[in-house]
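Colleague: here is my input; please provide its structure:
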Amino acid sequence: MAHVLDIVALRSLIAVADRGGFHRAAESLALSQSAVSQHVRRLEKTLGRPVVERDGRRTRFTAEGRLLLEQARRIIAVHDEALRTLLGVEGDPDVIVIGSTEHAADQILPRLTAAVREVLPDCRVRFRIDRSARLVEAVDRGAVDLAVYVTEAAATEGIPVGGLPLAWYAAPEGERPRRAGPAPPRRH
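Modeller: Numbers count the residues shown, from 1 in each chain. The predicted structure is shown next:
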């Protein structure tokens with residue numbers, strides 16, 4: 001069987017139904033609205049037919065969409081139960097996955113961990129250290145809940161939240177840069 005229903009896309013579909021639209025679904029999943037739309041389009045491509053249609057400002061499920069939604073809820077329930085059983089986890093623990101580039105990891109991740117634990121003391125925090133472009137993709141897929149990355153290296157706009165002090169090092173015999181001060185920004 002060549003067709004596969006993506007778990008992340010199914011979660012987006014369920015959120016659209018439960019939240020009453022793409023915008024609210026995106027907010028509840030901490031994704032962009034375009035990511036949720038892309039997930040639903042992927043499901044439609046897999047099935048070869050539309051599952052949602054616009055009705056003015058509202059979203060309506062087609063007959064095939066209602067059937068898919070019913071199956072999606074069953075698939076997600078079985079999937080999550082399998083993970084709980086296979087990983088030996090009691091109940092449904094909250095896990096937040098934070099992605100970061102190496103540049104930000106040592107200074108930002110401890111602060112983020114402390115902030116998450118302050119707000120959600122029973123929440124487990126996992127980290128993913130990766131390249132900026134891969135972190136952007138992971139956020140879009142829902143594999144990472146939050147990512148800290150270098151925006152110049154990513155193809156998508158980020159929200160600047162602060163700067164990181166960086167130090168430049170060279171071998172003892174290396175030459176000191178002729179120019180003092182910060183390095184100029186890289187041009188594309």
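
Colleague: now do the strands in the chain.
Modeller: Counting by DSSP state E, the chain has these strands, from start to end: 52-55, 58-61, 95-100, 124-129, 146-148.

Colleague: mind checking which of those strands is nearest Leu67?
Modeller: Closest to Leu67 of those is strand 58-61 (C-beta to C-beta; 9.0 Å). The way it works is simple: take the backbone N, C-alpha and C, and place the C-beta from them, glycine included.

Colleague: tell me which strands the closest one pairs with, and in which orientation.
Modeller: When pairing is defined by DSSP bridges, strand 58-61 lines up against strand 52-55 (antiparallel).

Colleague: residues contacting the strand it pairs with, please?
Modeller: Residues outside strand 52-55 that contact it (C-beta atoms under 8 Å, 6 or more residues apart in numbering) are Val16, Val40, Glu44, Thr59, Arg60, Phe61, Thr62, Gly65.

Colleague: from those, which is closest to Cys123?
Modeller: Distances from Cys123 to the contacts of strand 52-55, taken by C-beta to C-beta, are shortest for Val16, at 25.4 Å.

Colleague: before we move on, the earlier item: among the contacts of strand 52-55, find the lowest-pLDDT one for me.
Modeller: Lowest pLDDT of the contacts of strand 52-55: Thr59, 85.

Colleague: need the contact list for it.
Modeller: For Thr59, the contact set (C-beta under 8 Å, 6+ apart) comprises Val16, Gly20, Gly21, Phe22, Val52, Glu53.

Colleague: so how far is Ala72 from it?
Modeller: Distance, Thr59 to Ala72, by C-beta to C-beta, to the nearest Å: 15 Å.

Colleague: same check, this time on Val150
Modeller: Between Val150 and Ala72 the distance is 36 Å, computed by C-beta to C-beta.

Colleague: Phe61 now?
Modeller: Distance of Phe61 to Ala72, computed by C-beta to C-beta: 11 Å.

Colleague: could you pull out the helices in this protein for me?
Modeller: Remark: helices assigned in the chain by DSSP state H are 7-19, 22-29, 33-47, 63-87, 102-119, 132-141.

Colleague: which of these sits closest to Glu173?
Modeller: Across the helices of the chain, Glu173 has its closest neighbour in helix 102-119 (25.8 Å, C-beta to C-beta).

Colleague: and that closest one, what does it pack against?
Modeller: For helix 102-119, the elements it packs on are strand 95-100, strand 124-129, strand 146-148, judged by 3 or more C-beta pairs under 8 Å, 6 or more residues apart in numbering; DSSP states H and E.
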